[in-house]
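In: Predicted structure and sequence below. I'll ask about it afterward.
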Amino acid sequence: MERIIFYILAAVIVTFSFLSVTSAKILRAAVYLFLVLIGIAGFYFMVGYHFLGAVQLTVYAGGIVVLIIFAILLTEQIDNRLARPKAGMVIASAMLALLGIGVSVYSILNHVFDKKIAGQLATVDDIGTKLLSFDAGGYVLPFELISILLLAAMIGAIVIAKRPIR
Amino acid sequence: MIPGVSLYEILTISAVVFFIGVYGFLTRKNLISILLSVELILNAVAVNFVAFNVYLYPGDSQGLFFTLFMIAIAAAEVAIAIAIIVDLYRLVKSVDVDETTEMKY
Amino acid sequence: MDFSYTIWIPLIPFLAFFLVGLAGNNKSPKIWGLISTGAIAVSAVLSYMTAWRYLFQVGKVEETYQKIIAFNTTWLTFTDKLHIDMGVLLDPISVMMLVVVSTVSLMVHIYSLGYMKGDPGFYRFFAFLSLFSFSMFGLVLATNLFQMYIFWELVGVSSFLLIGFYYYKDSAVAAAKKAFIVTRFADLGFLIGILIVSYLTGTFDFQTLTDPNGAAMTQGAGVAFLGLSTMTWALILIFMGGAGKSAMFPLHIWLPDAMEGPTPVSALIHAATMVVAGVYLVARLFPLYYTAAPFALEVVAVVGGFTSLFAAIIACTQTDIKRVLAFSTMSQLGYMMLALGVSGYGGHDGLGYMASMFHLFTHAMFKALLFLGAGSIIHAVHSNFMGDMGGLRKYMPITHITFLIACLAISGIPPFSGFFSKDEILAAALHHSTFFFVIEYLVAGLTAFYMFRLYFGIFWGTDRKYEHTPHESPLTMAVPLLILALASMTTGFIPFNDFVTSDGHAFHTHIDWTVAGASIAIAVIGIVAAYFFYKQKNDLPDKAANTFGAFYRWSYDKFYVDEVYMFVTKSILFGIISKSVAWFDRHIVDGFMNLLGRMTAGFSERIKGIQSGRVQQYAFAFVAGVVALVLIFAYLKG
């Protein structure tokens, strides 16, 4: 059962990510990306990281994609058809991507992963505790860093976007 | 851990998504489209983190936390990128990478 | 007895140089001048004290003057034996030079206080004078060849700075450069000579080098090059340095031009002290010359004799009074060189050596006096040319009398000092060969003639209308004149044969009245001739000039030596050699470098398209590279 669901999710992810990079209309591309992100959130739910799946949905699908759509609207590109890339570049890039896929998949399939180490997946409770713990294995420092980074990014974005037009 | 699904299948999917993102990055001319491709690449990597965490080291949770932070950083990155794109658009009335060549040699 | 205080004789002017040179300003120039003068006064007192103690109290051991190393420090060590020292060497000639340098330097300092008054470079002038005094003291007190060489160059620099003192005048700048380049060229020979000598003997030390029984005397005696031994060549090269400093033909061309400097400088450097450094150098190494390389000594004599005649002839026709004095200096330096060249070693044979040093001493006094007198005249008339002067005796009595004394001294009229020293030189020349005697005898007559030509032309002759009435110089200028005049009158009576001799022993000498009488006679003839030519304005000089015709013109144009140098440097060196070398450098060497540069630039131009600035192209290359690397590693792994 789970296997079938996984394959469906995989199909959704791959299909829409492909559409997202090839669609001629940018708003559609954004929507396809939205679907890919939802698919990935579904994958997170399936492996048991519910909290992560929720974050993916709210922040990524809910926040970032909305932001991107705002940008599209602000730059008045809803109706524009995107310029078709040059054929040479498309072929070269496609070849490179296929080659990359081939190499990666080949090396993945030929690699024997170590035996798993037994243990329980982290619960939301664990995540909360660890995120603010400053003992060994705690994440309070990166957490604080990220908060400062977000603040700086927010201020930076406002400063850049609010510059007077020359 | 998903019953019946091996690590190999998940990694294959993420590799495919990753290279689709690379393809988009290389071929798209519109800055926002490029941003979309970058998001794809980031997500492919995040999936890898989670997969390794769940399949090989379920007791530890580094993969989980890395993915969390990655999402936060992606948010910051997108915010800045969007600000730049909007500003650039006001400046040159275009978000096409081929037309923003002012600082080229 | 302890002589270690002598180190302060050079050091005090050196400190004054630093103080005045760094702190001096134009707000209160007088103070800086007085500091410099005070420093040299202290050095002078120390010098007199040293001379007194050395000559009369401690110098003599068993009737022979010993060389005393008063101070010594090893400065640079090359090998165990070969090292450069810095020190103070006291012996009769260095003590005598101390007295000469400090006396003339002090007089010139005092004189300059008046002469340079109001000059915008007043303190700079005194700083340079102090530097020069330091260098000259260091030179005369040198314990070894290399120390001497170092100070030799330092006096050269001071001379350069002072000749070019009026650096806003093109002629002064050109003269300074000329003096520097010509003496530098000569010093090249000096340096090579020093290196050869030190290679042969393994030492720079004067005491070792000049020990008559030492090993240095027989080193390098083998025939080496063009039939002369290595040591002979080395000593000839060293003499080349001395000839450059002492303005011997053909390296004399800088001295007349050096008169562009302020007149006190001419008196101090280019008449009394620095230019005798060459004579002093030969005298220092005299035993080595005499024993190891008689041929080199012969060269010294010939060059000295020729220069004295050559310069005396030119001096007769010049109209710039400072230039007349410059050629006169050359002529007298030639005398000294010749006296050294004809001298023997030890006892009465060393008469020439003694005479040379004696003449050096007396000449310093009366020639400094002549220059200072000329400065006083120029100060009053504002011109260097005889044509602008005449009848000055009424306006400048002190200058007149002192100048007359100096003229009598240089002409060799007893009882003035020049008579005694010149007489010894003539006697020594006669002792050696008649040929040299005849030349010097002739020169003595010419000397009297051109000096009194100057004297009558300036102080008698036609009275001129001056724009400003000429006036006697201020006291600071008059006092040195009087002191030096006194010295010119009395120094002839110093019994030099008791103090300065080739081997340190005193010997008896007496005035050879045949020689003395003959020399007085020709001096009087010269003076009388000058009297008839120049006492009153008449047409005799023009007639004489017409009689000599071409010869007069040659002499007036200094025998075209400058033009020959010009031709050699401009046409041959610059025109042919330098030009071809420059062509090679510009086209072959530079061309190769330009080719490299252009190739790089061209190549860059071609490949700069790779740096397109398009992020996607870069990303493509990056990803392709990563994939390629992975492929390579996968392949290598099997």
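Out: Yes, it's here.
In: Could you list the low-pLDDT ranges of the chain?
Out: Defaulting to chain A. Low-confidence segments of chain A (pLDDT under 70): A:77, A:165-166.
In: wrong chain, I was asking about chain C
Out: Ranges of chain C meeting pLDDT under 70: C:1, C:59, C:62, C:215-224, C:227, C:463-468, C:537, C:540-541, C:638.
In: And the strands in it?
Out: Secondary structure of chain C (DSSP state E): strands located at C:60-61, C:64-65, C:68-77, C:83-90, C:223-225, C:228-229.
In: And the residue lying closest to C:Tyr552 once chain neighbours are set aside, how far from chain A?
Out: For C:Tyr552, ignoring the flanking residues on the chain, the nearest one in space by C-beta to C-beta, 6 or more residues apart in numbering or on different chains is C:Ala545 at 4.6 Å. (Glycine included, C-beta is placed from N, CA and C.) According to C-beta to the nearest C-beta, to the nearest Å, C:Ala545 and chain A sit 88 Å apart.
In: ok and the residue in chain A nearest chain B?
Out: At 2.1 Å from chain B, A:Gly119 is the closest residue in chain A, using C-beta to the nearest C-beta.
In: who touches the residue nearest to that residue when sequence neighbours are not counted in this structure?
Out: With sequence-adjacent residues excluded and distances taken as C-beta to C-beta, 6+ apart, A:Gly119 is closest to B:Gly59, at 2.1 Å. Each residue near B:Gly59 by C-beta atoms under 8 Å, 6 or more residues apart in numbering or on different chains is listed here: A:Ile117, A:Ala118, A:Gly119, A:Gln120.
In: Then C:Ile93?
Out: Counting by C-beta under 8 Å, 6+ apart, C:Ile93 has contacts C:Tyr280, C:Ala283, C:Arg284, C:Met357, C:Val500.
In: what about the second one, how many neighbours?
Out: Neighbour count of C:Ala283, defined by other C-beta atoms under 10 Å in any protein chain shown: 25.
In: how much space between the nearest residue to it once chain neighbours are set aside and C:Gly347?
Out: Once flanking residues are discounted, C:Ala283 sits nearest to C:Ile93: 5.7 Å by C-beta to C-beta, 6+ apart. Separation of C:Ile93 from C:Gly347 (C-beta to C-beta, to the nearest Å): 17 Å.
In: ok, back up a step: the residue of chain A closest to chain B contacts B:Tyr55, doesn't it?
Out: No. With contact defined as C-beta atoms under 8 Å, A:Gly119 does not count as touching B:Tyr55 (11.9 Å).
In: Which one of these two is surrounded by more residues?
Out: Ranked by neighbour count (other C-beta under 10 Å), A:Gly119 and B:Tyr55 place B:Tyr55 first, with 20 against 11.
In: any idea what the more buried one is structurally, helix, strand or coil?
Out: Following DSSP: H, G, I helix; E, B strand; the rest coil, we place B:Tyr55 in the helix state.
In: Pull the contacting residues for the closest residue in space to it that isn't next to it in sequence.
Out: Nearest residue to B:Tyr55, sequence neighbours excluded (C-beta to C-beta, 6+ apart): B:Leu7, at 4.5 Å. B:Leu7 sits next to A:Phe113, B:Ala51, B:Phe52, B:Tyr55, B:Leu56 when contact means C-beta under 8 Å, 6+ apart.
In: so how far is the worst-scoring helix or strand of chain B on mean pLDDT off the chain centroid?
Out: Ranking every helix and strand in chain B by mean pLDDT, DSSP states H and E puts helix B:62-92 at the bottom, with a mean of 89. Using C-alpha atoms, centre = their mean, to the nearest Å, the mean C-alpha position of helix B:62-92 is found 10 Å from that of the whole chain.
In: That helix packs against which elements?
Out: helix A:50-55, helix A:65-74, helix A:124-131, helix A:140-161, helix B:31-56 (3 or more C-beta pairs under 8 Å, 6 or more residues apart in numbering or on different chains; DSSP states H and E).
In: ok, now with 7 Å
Out: helix A:50-55, helix A:65-74, helix A:140-161, helix B:31-56 (3 or more C-beta pairs under 7 Å, 6 or more residues apart in numbering or on different chains; DSSP states H and E).
In: May I see the buried residues of the last one?
Out: For helix B:31-56, the buried set under the neighbour-count rule, 16 or more other C-beta atoms under 10 Å in any protein chain shown, comprises B:31-55.
In: so it versus helix A:65-74, what angle?
Out: 170 degrees (axes from the mean of the first three to the mean of the last three C-alpha atoms, to 10 degrees).
In: cool, and the third one?
Out: Orientation note: helix A:140-161 sits at an angle of 10 degrees relative to helix A:65-74 (the same axes, to 10 degrees).
In: Please spell out the segments of chain B that come in under the pLDDT threshold.
Out: In chain B (pLDDT under 70), the answer is B:100-105.
In: in it, what residue is nearest chain A?
Out: Counting by C-beta to the nearest C-beta, chain B gets nearest chain A through B:Gly59, at 2.1 Å.
In: Now do the SS call for that residue.
Out: coil.
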